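Participant: Predicted model and sequence below, questions to follow.
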Amino acid sequence: YPASAVVPDKNADEGRFAFLIHALDLKSYHQFDNSLLAFSETELAELTGRFSDQISPFVAGRTRINSKAGKKAYGEFIAIPRTTDEFIEMPRQQALAELKEAVAMARDRGARIVGLGAFTAVASMGGLYLKNEGVPITTGNSYTVVSAVDAVNTATENLEIDRSQVTAGIVGAAGSIGRGISLLLSETVPRLILIGNPNNQTSSERLHMVAAEIYRYQSALLHQGRPLKEGSMGHLLADCSELPGPDAPMEEFEAFADGEGARCGLIEFSTDLDAVLAQADVVISATSATEKVIHAGNLKTGAIVCDISRPANVSEEVDRARPDVLVIDGGVIEVPGLPSLGWDFGFEEGLAYACMAETMMLALEKHYTHYSLGSSGVNLESILQTRYWAAEHGFKLARFRSFNQPLSDETWERLLTARSSSSFSGL
């Protein structure tokens, strides 16, 4: 992969950012050194076991972003020589020490905002454990929310699906990204299934709070007098006299979620994924789980699945066994000007993950403050702000990818054929 010759322009009025990256698994190590393709997975495990504790974070790539608005930002990608499994298995204090070392390197090299990639956000509790390292931190989760909803809306438009008939399931709805997606998606679809982690004792309570937040958001939209799409959740709630006003205390929205909201059937929540997932026409997976939780057998006929989890949550068997199902790799963004990012992580030149794009936007805006941290840091204000910045600077949804590959014309034709067969009833 051609190394980038980009260097910071000390005389230019440009933003500065860094973004932390790591190998998702052993097979991903070749992204940092393609000579490692020569080794088997067993050999890679032995090799990385020898050097992981010996190698410090290093600069894997450099780039310069030129936005549509005429602003510039220079950035570096700082690699930490760890896999996701290593972060999970090591003591939390060790993981944090290695993350802090990478953040310090980014700061000392001139970064004014540092983004957290892949599992680094999970390992640092959504960036909260890195707040005091002398440089602002972002998880990039606000724009990840925007990109996921954009992907789903684009897919339903391309397939000419009437969104007023859609039920959307959000896997990981109790987390910061899943919660944000649930809020934003409630603008365009009438029914949501919020799915939480059965191993988390507070999951049901947190899902209940997300439902209440959605109803409060819908109440605010109704009182603002915005035009409502026919069949949308807001349209269905418009004549509901029991919906509290937007200034009502959250307790009233919680009661509404238990009462009239539950009777309307607009929002359902569950921790039993297999029991409810087959009801969803659209599925968005946003979990921190490292295993495959979505399989060929638990999806509805003709479902659209957007997987923004890294590592991915959708099993590869879906691609083989379910030609009727569209699986999208979520959070893939086209960067303005299609610049090289200086390292190969499997994308075509000029593409980036949404979390990277948010970090770039913050640098372009010189908005050097903590952003999208923890569960409360991803909120309607931050989500709508990144949506505005994306339009201003020219970040947009990339062409669809599926299972780490561009979605081919052949795959699309196979999908359309399967969906038009007599066995597919449609939405």
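Facilitator: Structure's in. What do you need?

Participant: Run through the strands of the stretch 51-200 of the chain in chain order.
Facilitator: Using DSSP state E, counting those that start in this stretch, the strands of the stretch 51-200 of the chain run over residues 58-66, 72-80, 114-116, 137-138, 167-171, 191-195.

Participant: In TSV, list the ones you listed along with mean neighbour count, mean pLDDT and distance to residue 238.
Facilitator: From N, CA and C alone the C-beta is placed, and that goes for glycine too. Below are the strands of the stretch 51-200 of the chain laid out as TSV (neighbours: other CB atoms under 10 Å; pLDDT from 0 to 100; distance: least, CB to CB, whole Å):
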stretch	mean neighbour count	mean pLDDT	distance to residue 238
strand 58-66	20	95	42
strand 72-80	23	96	43
strand 114-116	30	98	40
strand 137-138	30	98	36
strand 167-171	27	97	20
strand 191-195	26	96	16
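
Participant: Which among these is found nearest to residue 413?
Facilitator: strand 167-171 (25.6 Å; CB to CB).

Participant: So which of the strands of the stretch 51-200 of the chain is nearest residue 226?
Facilitator: strand 191-195 (18.9 Å).

Participant: Distance from the chain centre to stretch 323-339, please.
Facilitator: 11 Å (CA atoms, centre = their mean, to the nearest Å).

Participant: Which parts of it count as buried, going by neighbours?
Facilitator: 323-336, 339 (16 or more other CB atoms under 10 Å).

Participant: cool, stretch 149-160 as well?
Facilitator: 149-153, 155-156, 159.

Participant: ditto for stretch 79-93
Facilitator: 79-84, 86-87, 90.

Participant: Next, the distance between the ends of it.
Facilitator: 19 Å (CA to CA, to the nearest Å).

Participant: Could you do stretch 44-58 as well?
Facilitator: Terminal residues of stretch 44-58 lie 19 Å apart, using CA to CA.

Participant: swap in stretch 270-281?
Facilitator: Using CA to CA, the two ends of stretch 270-281 sit 16 Å apart.

Participant: residues in contact with that stretch?
Facilitator: For stretch 270-281, contacts defined as CB atoms under 8 Å, 6 or more residues apart in numbering pick out 161, 165-169, 171, 193-198, 200, 203-204, 207, 268, 283, 293-294, 298-300, 302-304, 427.

Participant: which of these are buried?
Facilitator: Judged by 16+ other CB under 10 Å, buried ones among those: 161, 166-169, 171, 193-197, 203-204, 207, 268, 283, 293-294, 298-300, 302-304, 427.

Participant: Tell me which of those fall in helices.
Facilitator: Under the assignment DSSP state H, the buried ones among the contacts of stretch 270-281 contribute 203-204, 207 to helices.

Participant: what's the closest of those to residue 43?
Facilitator: Nearest to residue 43 among those, with distances taken as CB to CB, is residue 203, at 40.0 Å.

Participant: With adjacent residues omitted, what lies nearest to the closest one?
Facilitator: residue 196 (3.5 Å; CB to CB, 6 or more residues apart in numbering).

Participant: Tell me if I'm right that the one you found and residue 204 touch.
Facilitator: Yes: under the criterion of CB atoms under 8 Å, residue 196 makes contact with residue 204 at 6.6 Å.

Participant: Overlap in contacts, those two.
Facilitator: With CB under 8 Å, 6+ apart, residue 196 and residue 204 have common neighbours 269, 271.

Participant: how about low-confidence regions in the stretch 1-150 of the chain?
Facilitator: Applying pLDDT under 70 to the stretch 1-150 of the chain picks out residues 1-4.

Participant: what are the ranges of the helices in it?
Facilitator: Assigned by DSSP state H, counting those that start in this stretch, the stretch 1-150 of the chain shows helices spanning 41-51, 84-89, 92-108, 120-123, 141-158.

Participant: List the contacts of the first one.
Facilitator: Helix 41-51 is contacted from outside by 26-27, 29, 36, 39, 81, 83, using CB under 8 Å, 6+ apart.

Participant: can you check the third one too?
Facilitator: The set of residues that contact helix 92-108 without belonging to it, under CB under 8 Å, 6+ apart, is 18, 20, 56-57, 76, 78, 80, 82, 87, 114, 120, 123-124, 129-130, 133-135, 137.

Participant: could you pull out the helices for the stretch 301-427 of the chain?
Facilitator: Under DSSP H, counting those that start in this stretch, the stretch 301-427 of the chain gives helices at 317-321, 354-365, 380-393, 409-420.

Participant: and residue 247, which of these is closest to it?
Facilitator: helix 380-393 (15.3 Å).

Participant: From the chain's centroid, how far away is the closest one?
Facilitator: That offset, for helix 380-393, works out to 15 Å (CA atoms, centre = their mean).

Participant: the inter-axis angle of that helix versus strand 58-66?
Facilitator: Relative orientation of helix 380-393 and strand 58-66, computed by axes from the mean of the first three to the mean of the last three CA atoms, to 10 degrees: 70 degrees.
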